[in-house]
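Enquirer: Sequence first, predicted coordinates after that:
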Amino acid sequence: MKQFFQNKRKLRGFREFLYILPFLALVAVFSYYPLYGWVYAFFDYKPPFPLSMDQFVGFKWFKSMVDTPVKTIQLLKVLRNTFAMSGLSLLFSWFPMIFAVFLNEIKCVPFKKFVQTVTTLPNFISWVLVYSIAYCLLNSTGVVNSVMMSLGLIDSPQLFLQSSEHVWLKMWVWLTWKNAGWSAIMYIAAITGIDDELNEAARVDGASRMQIIWHITIPSILPTYFVLVMLSLANFLSNGMEQYFVFANAFNKESIEVLDLYVYNLAMGSGGYSLSTAISILKSVVSVLLLCCTNGFSKLVRGEGFI
Amino acid sequence: MKGKKLLSILLASAMLTGALAGCGGSDAPAAPEGQQKEEQTDTAKEEAPAQEETSSDDAQEKAPAASDKELLSLEVYDVAANYQGVQTGWFDKVIKDRFNLELNIIAPQVAGDAVFQTRASTGNLGDILILEKEDFADCVSAGLVKDISADIGNYSNLMTYKEQIDVFNNGLPGNDAGITWGIPTQMTNTSPTTYSQEEIYSSPLLRWDLYKELGYPEIADLDGLLDVLEQMMKAHPTNETGDPAYPFSLWADWDGGDGMLGIANVVQLTTWYGEKIKGSAILKPDNTFIPLTDKAGTYYKLLKFLNNAQRRGLVDPDSGTQDWNAACAKMSAGQVYLMWYSWQTGFWNSQERLKNGNAFSFVPVADQSYYTDSDTYYGTARVFAVGSQVDDEKYARIMEFLDWYAGPEGLTFQHCGIEDFTYTVGDDGKFTQINDNALMDNLPVPEEWGGAGYQDGNNAINQWLVDAISTNPNTGEPYSVRYWTSYKEATMTEMKKEWQELYSADNPVEYMTKNNILLVSPNVSVTLPSDSNDISVIRNQCNDTICDYSWRMIFAKDDAEFDSMWDEMSAQMDGFGFQDLYNFDVERYQIEVDAKLEASK
């Protein structure tokens, strides 16, 4: 022991270990300990009775997900929605970046600040409120219908929220409206970090604004973009449920029910805890696989991974 | 300076958003507590208020005794509550003055069902428990409930209902020893086969002025009802302020509740044809069951009725996307011409409208015969109990409180409100209602009763041991304001006289009884087995399927589309295991049916 404290290197190592200990503890408590909850997937768990070995059912709940064609179809439908809506966000993930670039080009500072504030604000509104705004705007006597009717564009109210068409696209629009300004902040920070000398040199060389954007701004913030895309890929399957939960109704459910919402409906509806745990386990497994794939892909293309 | 600017921009944007959203917005009155629960009889709703039958001197005498004891906070795990937190306002003052107790309400309706699971796993659900019967039986076997057999005999108010309490506890599965575990809710002191109300829970209710305008046409069947409603809508396409009005305005957020599969706006209507939905099965008047998906059943019939209404343009186009609050705002604004819950009229029928004759009233449809559950003599589907972890001192004070809660003084507070604020006592000892809008408009309560709004301070437990239809021994009249002589006199309006003349009966129930179109199902005390995990998953998936399809069927374009959706729905439900669910439900509810047959002998 005495020797240990006398060895300065070891002592330093120990001290540095203590520095990260709180964070390790946090990760252990909030990320690893909850994995213990996975056991519920292998039991026939029913509150208020505590778990006991005679409720052990093995893989029953995993099998029951696909034991009739109807159930399989439903699971596939849910996966399709999840992939479609996550895919759509991924496909348009460049949008906040371009938005940030153009925002940066605005020379009138008050206007720039105004646009930035207005686009960032929706991020702080909860989805429940977003839906009540949507309901007030889009219901049969709402602003949109009233304006369109008085302009003579339509002769009877359109049921926008009840329509089952273009649901994925509409959900993407709402999501972008809510998130674009907020996501742009990261890129604005990255743009601020670009060395001014580069811009000045380009301008001296006679580059136009578009050329500066294309050859200097975008390449400089591309690494930020890639990191964010890869992080979002890991969350491909967890595209949140609040948005879909508030916008879901009997008419659009076919296209709006994503994996998280499905798990929630199953568990909270009448306590299908075991089955929904089983589904979330599968979700975690697929997410880990996706993350590994993206990492491999990144190594292949850029020569470096991120884990 | 910069900060100020930013702040003003933020505020301006918030205002803009608010202003936009305000267009066509609705400030809906909150649903009267717990009204989505069908077990709760209608009386309790609008007029929940109550008073104290003993004089306030009496109350002050008791107060010193209570203050000897320390302030004790009780956790009330309460499935009936739709408020979570500490009881405040006048009801808090009432129990603090008497017992120095504070109620901390834990409401799974607010906190989510997961709170049941987490609390149950700690072995302590709460100090006072209010549970659904089926869960209650499970909680007893999981050791979460205290045995109160030894002490309940000492509490005279509770002992008034000894028969009901014993019948309930002896009926608990596995309770051969006859231990007293719980106390049923909303018991009455009438009888298990009596029906004391003047209106049944669900029947077609029309705006009397509009019906009168059409010359009281006789209505033969559901199509006839749609004809009448269509004429009403043609004559009055908007309410007085010019907002569009529809006979039907539906809402989707109560679907699948009350142990009935299907959408809330249809399941209630099945009682118009003497059929009652029990889980996934329909109980026919001859006490046999058919599956909910049977096209000969009333679920199909009434869903079709709503579809026909929609095709005729009688259904509010926002029905599929609005929630109860939005629908309720329309009811209060006179934008709805058909109601079907007896308590629903509370959002429109004020004393003034009853006088003006433009209130809602029951109008019979010739081919209908109605189903109703009798007085809840043995109680409803919920149970009061004491948590297993309470210590002796707490236990004694809980029992004392529950005894008061079931006694005339407690009940008067629960059902009638505050003396000289919501009612006055006449020389003959009978009550007269005052401030009838106390609950609706949240009137400020006098300082001596703790101040704050009346609704804010109303009893947040939201569940009564004794029903409001029970007779108050101090007045000889029921606790429910609708049955006070003074109230009946005040509401004997022209409209009511017209109604009585037209149908030669005093009230809807008398009319139904006279014409032999009322089926009263006796109240029995049975505890049915709870769902296994497999059944609960099937129930959940089948319910989602039937609700989603039902909404789409209401908006179907023609019969062919309607029927093809129905077939698709049945096939999908079969894939989720509907047959197993149906068999389970038939077996389960047969226990209840047998008990009812026994009771009506």
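Expert: Noted; the coordinates are in hand. Note that the coordinates shown come from a computational prediction; the quantities given were computed from them, not determined experimentally.
Enquirer: What is the neighbour count of the closest residue to chain B within the stretch 151-300 of chain A?
Expert: Across the stretch 151-300 of chain A, the shortest distance to chain B (Cβ to the nearest Cβ) belongs to A:Ala250, at 3.3 Å. Backbone N, C-alpha and C define where each C-beta goes, glycine included. For A:Ala250, the count of nearby residues is 23 (other Cβ atoms under 10 Å in any protein chain shown).
Enquirer: For it, report the pLDDT, please.
Expert: The per-residue pLDDT reported for A:Ala250 equals 89.
Enquirer: In contact with it, which residues are there?
Expert: B:252, B:320, B:547-552 (Cβ atoms under 8 Å, 6 or more residues apart in numbering or on different chains).
Enquirer: Need the buried ones from the residues you listed selected in ChimeraX.
Expert: To isolate the buried subset of the contacts of A:Ala250 in ChimeraX, counting by 16 or more other Cβ atoms under 10 Å in any protein chain shown, use the following:
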select /B:252,320,547,548,549,550,551,552
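Enquirer: so of the contacts of A:Ala250, which ones are in strands?
Expert: Of the contacts of A:Ala250, none are assigned to strands by DSSP state E.
Enquirer: out of the contacts of A:Ala250, who's near chain A?
Expert: Among these, proximity to chain A is found for B:252, B:320, B:547-552 (Cβ under 8 Å from any Cβ of the partner chain).
Enquirer: for these, which one is nearest A:Gln211?
Expert: B:Gly320 (52.4 Å; Cβ to Cβ).
Enquirer: mind checking how far that closest one is from A:Ala248?
Expert: Distance of B:Gly320 to A:Ala248, computed by Cβ to Cβ, to the nearest Å: 11 Å.
Enquirer: next one: B:Ile398
Expert: 42 Å.
Enquirer: higher neighbour count, the two?
Expert: B:Ile398 (23 against 20).
Enquirer: Can you tell me the SS state at the more buried one?
Expert: helix (DSSP: H, G, I helix; E, B strand; the rest coil).
Enquirer: I'd assumed B:Ile128 was in contact with it.
Expert: Yes - counting by Cβ atoms under 8 Å, B:Ile398 touches B:Ile128, with 6.0 Å between them.
Enquirer: Pull up the residues of the stretch 401-550 of chain B that are close to chain A.
Expert: Counting by Cβ under 8 Å from any Cβ, the residues of the stretch 401-550 of chain B near chain A are B:531-534, B:536-537, B:539-541, B:543-544, B:547-550.
Enquirer: Grab the most central residue of chain A for me.
Expert: With distances taken as Cα atoms, centre = their mean, the residue of chain A nearest its centroid is A:Asn239 (4.5 Å).
Enquirer: dump the residue contacts of B:Pro192.
Expert: Each residue near B:Pro192 by Cβ under 8 Å, 6+ apart is listed here: B:374-375, B:377-378, B:522-524, B:599.
Enquirer: Can you tell me the closest non-neighbouring residue to B:Thr293?
Expert: B:Ser570 (4.6 Å; Cβ to Cβ, 6 or more residues apart in numbering or on different chains).
Enquirer: Residue of chain B nearest chain A, please.
Expert: B:Gly575 (2.5 Å).
Enquirer: so which strand or helix has that residue?
Expert: In this structure, B:Gly575 sits in helix B:559-576 according to DSSP states H and E.
Enquirer: ok, now A:Lys113?
Expert: Applying DSSP H and E as the criterion places A:Lys113 in helix A:109-120.
Enquirer: Tell me the helices and strands packed up against that helix.
Expert: Helices and strands touching helix A:109-120, by 3 or more Cβ pairs under 8 Å, 6 or more residues apart in numbering or on different chains; DSSP states H and E, are helix A:95-105, helix A:167-192, helix B:2-22.
Enquirer: any idea which of those scores lowest on pLDDT?
Expert: helix B:2-22 (a mean of 51).
Enquirer: Distance of the closest residue in space to A:Leu233 that isn't next to it in sequence relative to A:Gly305?
Expert: Take A:Leu233 and drop its neighbours on the chain: the residue closest to it by Cβ to Cβ, 6+ apart is A:Thr294, 4.6 Å away. A:Thr294 sits 9 Å away from A:Gly305, going by Cβ to Cβ.
Enquirer: Same question for B:Asn472.
Expert: To A:Gly305, B:Asn472 is 77 Å away according to Cβ to Cβ.
Enquirer: hang on, the earlier thing: overlap of the contact sets of B:Ile398 and B:Ile128?
Expert: Joint contacts of B:Ile398 and B:Ile128 (Cβ under 8 Å, 6+ apart) are B:74, B:386.
Enquirer: could you say which helix or strand contains the residue of the stretch 1-150 of chain A at minimum distance from chain B?
Expert: Taking Cβ to the nearest Cβ as the measure, the stretch 1-150 of chain A has A:Val70 as its residue closest to chain B, at 2.5 Å. Element membership for A:Val70, per DSSP H and E: helix A:69-91.
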